[in-house]
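Asker: Here is a sequence together with a model predicted from it:
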Amino acid sequence: MTAAAGLGAAALAAALLVNGPSTVVTAVAGVVAGLLAAVSLFVAAVRATPRSRHQSSAWRWLAWGSVTWLVGIGVRPVAEGTPFVLTFADVLLLVGTLLLAIGCGLTARRPSYGRSLLHYVTSAYISAASLFAICWVVLLAPAYAKAEEPSTLALPVLCLLATCAVAPAVLATRSAGRRVGMAALAVLAAVTVEELATAVGRLTVGGTPPLVAGMVAPVAFLLLAATPWASRDCVRPVRSTPSAVVDGAPLALAGVATVVLVVRVLAGRLEQPMAVLPIVVGSVVVVLLAKVFVLALETTSMRGTVETGERQLIHLAENAGDVVLVCDPDGAIREIGSGVEATYGYHPPELIGRSVLDYVHSEDAPAVLAALRAMTADEEPATNRQGACRVSCRVRAADGTWRPAESVATRHPRESEDLVLISTRDVSDQVALRNQVAHLTFHDGVTGLPNRAYFEERTREVLARRGAGRTAVVFVDLDGFTGVNDSVGHASGDYLLSQAARRLRAAVRADDTLARWGGDEFAVLLESGSSGSSGSSGTADAQTAIDLAERLVRAVSSEPFRVADRDIALTASVGVAFAEDGVPAGDLIRNADVAMARAKELGGRRVEVFAAHMHADVVRRLELAADLQRALLANQFAVEYQPVVDLATSRVTAVEALVRWCRGSTFVPPQQFLGAAEDTGLIVPLSEWILREACREVANWRASSWDIGLSLNLSSRQITAPRFVETVESALAESGLPASALTLEVIEEMLVEDAEEVINRLSELRALGVRLAIDDFGTGYASLAFLRRLPVDMIKIDPSFVSGLGRDETLTLLTRTIVRLGHDLGLIVVAEGIERPEQLELLREMGCTRGQGFLVARPMAARGVDSLMRTSLTPLQNTA
């Protein structure tokens, strides 16, 4: 279509070169240009994209207007000779112009500046009347003065009104069709110019307008034809004319018209053949007065609406608990709501005229004053471009307390003053809640001490600020606290922890940080330089930390805790770790924990200082525990049996099952992995496997008519494990081993710790027929009263006693006493660790019943026991 417009332009150029009447040339050019515009607009409307679908209606109106106009311009040469003042061609041109105006207005969709219809109509009329007055004074009045016959001005006046009617909407719109609307507006302006030239031409002697004036409209139509195809995207929006320019254009035109009239009057060149000019000027004045009156009414109504809105806003803010006030840039209060009395206790009248800074904390006053002045500054800072400013400050209430508040300040221009509207809310409850949440986040609810999170963060801060220096961390664990919850309940246990926290707090210094780490563990952070002078040596500071650790041990164990009407005595295990350069806070805390665990392993109620090997031991223990679990799944364990013989007859009466572990090709001694198995709980499944394997093997031997028993060592975890008694009963049932052939051994310490539960479990086993033995007798803390409470069948003398036989008179006497005690109680006495012949002879002389040791027989696999029993055992039938 752009190429077709180019062809049309070429046709117009050819028409200008043709000699003939100007009306005919103008008609030909108009028909060609209007036809091209109509076809272009119709095609664009049909091919409109979904995004430009709303513009297709406007394009169709413009196309029909172009068709009507080209028909009118085409028949004008024929209609010029008629005697009518307004010809048929003029009617068609007028209808076409109106259709073009409708289409032009539809491109704008609606007035973008949002004014009322009255404002829209009056602006259009003032613009049209002002332009008409200028044209009248400059062109029409002189032509009428010289004309022989008057001519009608209806067509150019109506075209001018149509153009002025749609121009404001098109100029101010931001719609995507503004480009086509501007082209259509140019067509209306060109048509108006052409009709005005035609009217002037009719008044002259020649009766025809100049050829150039007649070619303005065809050129505008060619522009309209090309506009929908100006770019591939027909809907790209363009920048609109500012609304201030659009609103000021009518007044500017009225001013220009006034200047032209004054110049003409002063020059004495004003022609007045008709009373048109006074009518037009008078109507403009009337319209302007009406517009001013309507604007005054609208301003009054708008002011009332604004004041009502302000009152509603203030009322709403006060109902929400806010205090609303108006002040000047210096802070002087002009107005204040009644909510200030309920919130801060002040009467509103006594605050009027006072400075708001009188009630703001002195530390917050500069920020408040800067915010007030920034709100009224001509050039607002970047932080204030949103029209509001938030300020947090402390406000003094009538009772003298300072309350935290959050305020929002906005500009509040009023008449000639630039004021500030402030809405203030008391956030005391919110701040108190935040403080409470922060306290609960970093403090323990039972003891009130800082918690683990606070302690870790504090340690990181100290190390980052001061470096390692003399910083130390002390860990405290309450020995024996586990049984407190079980005996007196968790509530009483929490009460005991609170008592322990008070004792520890009294033992540490004011500069130290005491925290509850978790459970029954506490942690102390000794900051570098917090004790002594800055010139004290590292040795003195290390001693200070150790002295503090010892004070903590004494604070816990000095006297019993009074809980639930009973005294509970506890001790403490304490670990100390000193910071080193480059050691992270987490590693420092871990080292103190490792040292504390070491103190607990060594019996508690002591202080241990961290050494590098402690961490290595912990790592090895963790690795060993992981290997143990894998070994248990891979069946890497084996059972060896150490024979127990009758010392009088040398007959093997029983075997003791011992576990062995070969990790790959490496033999791991039992003393290296049994402790880790006990700590991790793997001792329970491991002991169950040993029990079932040994019971099966011994049952097979007994099935071959060999009278032999089985001894097994029990661990504390194994005895207290759920369904332990059922496990033993199941192993006996599966293997077919009689319960009387199984002897389970316990050490004396197990009868002291958790005595009630252990004795109950062992009593249940004794009820099944299982025999019980006390291993390592004479080395523990059990009293002889346990022998009365627990029906024991056997006692085993510890190897430490046996090793001194024949060499140490005291040990020999103690061993003889134990053997005699066993005989008096009717118990079987077994001596362990027999390694020398003189030991064996002394034990026989003492009357010891049975014995085991390397001299008698070393631990061996099942095949070795089978071979030994074939040569030395007495079948059951021979002993019957």
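Answerer: Arrived safely, thanks for sending. Every value quoted in this text rests on a predicted model; they were computed, and no experiment measured them.

Asker: Show me where the stretch 651-800 of the chain has its helices.
Answerer: For the stretch 651-800 of the chain, the helices defined by DSSP state H, counting those that start in this stretch occupy 670-680, 683-703, 716-720, 724-735, 748-752, 755-768, 785-789, 799-802.

Asker: Lowest average confidence across these, which one?
Answerer: Across those, helix 785-789 has the smallest mean pLDDT, namely a mean of 65.

Asker: Can you redo the helices of the stretch 651-800 of the chain as CSV, where the extra columns are mean neighbour count?
Answerer: From N, CA and C alone the C-beta is placed, and that goes for glycine too. Converted to CSV, these look like this (neighbours: other C-beta atoms under 10 Å):
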stretch, mean neighbour count
helix 670-680, 16
helix 683-703, 20
helix 716-720, 19
helix 724-735, 17
helix 748-752, 18
helix 755-768, 15
helix 785-789, 13
helix 799-802, 20
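
Asker: could the ones you listed be laid out in JSON lines, adding distance to Gly96?
Answerer: Listed next are these as JSON lines, based on distance: least, C-beta to C-beta, whole Å:
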{"stretch": "helix 670-680", "distance to Gly96": "100"}
{"stretch": "helix 683-703", "distance to Gly96": "103"}
{"stretch": "helix 716-720", "distance to Gly96": "106"}
{"stretch": "helix 724-735", "distance to Gly96": "108"}
{"stretch": "helix 748-752", "distance to Gly96": "116"}
{"stretch": "helix 755-768", "distance to Gly96": "111"}
{"stretch": "helix 785-789", "distance to Gly96": "124"}
{"stretch": "helix 799-802", "distance to Gly96": "128"}
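
Asker: quick one, which of those helices is nearest to Thr812?
Answerer: helix 799-802 (8.6 Å; C-beta to C-beta).

Asker: now the following helix or strand past the closest one, how far from the chain's geometric center?
Answerer: As assigned by DSSP states H and E, the chain's next helix or strand after helix 799-802 is helix 809-824. Taking the mean of its C-alpha atoms, helix 809-824 sits 74 Å from the chain's own mean (C-alpha atoms, centre = their mean, to the nearest Å).

Asker: Following element in sequence after helix 809-824, please.
Answerer: strand 828-831.

Asker: Using PDB, write out the CA atom coordinates for that following strand.
Answerer: Extracted C-alpha coordinates of strand 828-831, given in PDB (Å, rounded to 0.1, in the frame of the first residue of the first chain):
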ATOM      1  CA  ILE A 828      31.400 -73.100  93.100                       C
ATOM      2  CA  VAL A 829      34.700 -71.200  93.100                       C
ATOM      3  CA  VAL A 830      36.600 -70.700  89.800                       C
ATOM      4  CA  ALA A 831      40.100 -69.200  89.700                       C
END
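
Asker: Other residues contacting that strand?
Answerer: Strand 828-831 is contacted by residues 644, 647, 773, 793-797, 802, 815, 818-819, 822-823, 839, 843, 848-853 when judged by C-beta atoms under 8 Å, 6 or more residues apart in numbering.

Asker: what about Tyr359, distance to Val431?
Answerer: Tyr359 is 18 Å from Val431, where distance means C-beta to C-beta, to the nearest Å.

Asker: same thing with Arg836?
Answerer: For Arg836, the distance to Val431 - C-beta to C-beta - is 82 Å.

Asker: buried residues in stretch 390-404?
Answerer: 391, 393-395, 397, 403-404 (16 or more other C-beta atoms under 10 Å).

Asker: now the strands for the stretch 401-550 of the chain?
Answerer: 402-414, 417-426, 472-479, 513-518, 521-526 (DSSP state E, counting those that start in this stretch).

Asker: Nearest to Ile336, out of the ones you listed?
Answerer: strand 417-426 (9.3 Å).

Asker: Run a quick check on Tyr454 versus Ala515, I expect a contact.
Answerer: Yes - between Tyr454 and Ala515 there is a contact at 6.2 Å, judged by C-beta atoms under 8 Å.

Asker: Please say which of the two ends up with more neighbours.
Answerer: Ala515 (25 against 18; other C-beta atoms under 10 Å).

Asker: show me the residues around Ala165 that make contact.
Answerer: Counting by C-beta under 8 Å, 6+ apart, Ala165 has contacts 101, 105, 124, 128.

Asker: circling back: do you know which of the strands of the stretch 401-550 of the chain lies nearest Leu222?
Answerer: Evaluated over these, closeness to Leu222 peaks at strand 402-414, with 51.2 Å, by C-beta to C-beta.

Asker: average pLDDT across the closest one?
Answerer: 84.

Asker: Now do that strand and strand 417-426, the angle between them.
Answerer: For strand 402-414 against strand 417-426, the angle by axes from the mean of the first three to the mean of the last three C-alpha atoms, to 10 degrees is 150 degrees.

Asker: Pull up the pairing partners for strand 402-414, direction included.
Answerer: Strand 402-414 pairs in its sheet with strand 388-396 (antiparallel), strand 417-426 (antiparallel), by DSSP bridges.

Asker: mean pLDDT for those strands: which is lowest?
Answerer: Minimum mean pLDDT among the strands paired with strand 402-414: strand 417-426, a mean of 84.

Asker: Flag every buried residue along that strand.
Answerer: Neighbour-count burial for strand 417-426 flags 419-426 (criterion: 16+ other C-beta under 10 Å).

Asker: quick one: it to chain centroid distance?
Answerer: 33 Å.

Asker: what does it rub up against?
Answerer: Applying C-beta under 8 Å, 6+ apart, the set of residues contacting strand 417-426 is 317, 320-329, 334, 343-344, 356, 372, 375-376, 395, 403-413.
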